[in-house]
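S.K.: here is a sequence with its predicted model. Questions after.
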Amino acid sequence: MLATRLISLSLLIPLCFLPETAWAAPDLKEILRNLARTIGPLQQMVTGFAYVMGMAFIFRGLYKLKIYGDLRTMMSSQASLGEPITYLVVAAVFIFIPTAMDIMMQSTFGYTSPLAYGEWSATANGQYGDALRVALMVVQLFGVIAFVRGWMLIGRQAQHGMQSGMGKGIAHIIGGLFAINIVGTATIIQNTLGL
């Protein structure tokens, strides 16, 4: 007990000799800058995860095609081609995830880049401009995660044969697209409801 207290005290003594600026809390601008720097690599990590999962889905789909071929040669009526095809489609989306997101964004909003905000970027230069930009980046990160999770749910639905997973997956994909282009979504809602 005494040894533990001595070790703790010996670890805390050097903290007394730190300069006063080391104890100062970072200001909000510094926190926002650090958060903005972190979001880009997090999006790249999610995209890298999607590539790895795409490779796993390819192997799983090819293995299920092999099983399907084996069952068809034995004249089995239990063979289903839906599961391997679903795995291969999800694998293709994951491997080409930037292209898949661009295609879905073009189909939904009419443009591929969520950075083409126009009037929103002009209003983001005010007092809370940095906070607004970081908040939009966080929402976009959650949109990318939801997009990937939606495709994961569709892939899992193929494995278990659950129809409820398909609806959840499609909802995540659509919600992810709306979150990736949150400014376009807000503009659509604004124009639709006349706000």
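M.R.: That came through fine. These numbers come from a predicted model, not from an experiment.
S.K.: pLDDT of the longest helix along the chain, averaged?
M.R.: Ordering each helix of the chain by length in residues (DSSP state H) puts helix 28-73 first. For helix 28-73, mean pLDDT rounds to 86.
S.K.: C-terminal to that helix, what's the next element?
M.R.: helix 82-95 (DSSP states H and E).
S.K.: lowest-pLDDT helix or strand in the chain?
M.R.: Lowest on mean pLDDT, DSSP states H and E among the helices and strands of the chain sits helix 119-123, with a mean of 53.
S.K.: next SSE after that helix?
M.R.: Counting by DSSP H and E, what follows helix 119-123 is helix 129-160.
S.K.: now that following helix against helix 82-95, angle please.
M.R.: 160 degrees (axes from the mean of the first three to the mean of the last three Cα atoms, to 10 degrees).
S.K.: show me what helix 129-160 is packed up against.
M.R.: For helix 129-160, the elements it packs on are helix 28-73, helix 82-95, helix 97-109, helix 164-180, helix 182-193, judged by 3 or more Cβ pairs under 8 Å, 6 or more residues apart in numbering; DSSP states H and E. For glycine as for every other residue, the C-beta is placed from the backbone atoms N, C-alpha and C.
S.K.: recalculate using a threshold of 7 Å.
M.R.: In terms of contacts (3 or more Cβ pairs under 7 Å, 6 or more residues apart in numbering; DSSP states H and E), helix 129-160 is packed against helix 28-73, helix 82-95, helix 164-180, helix 182-193.
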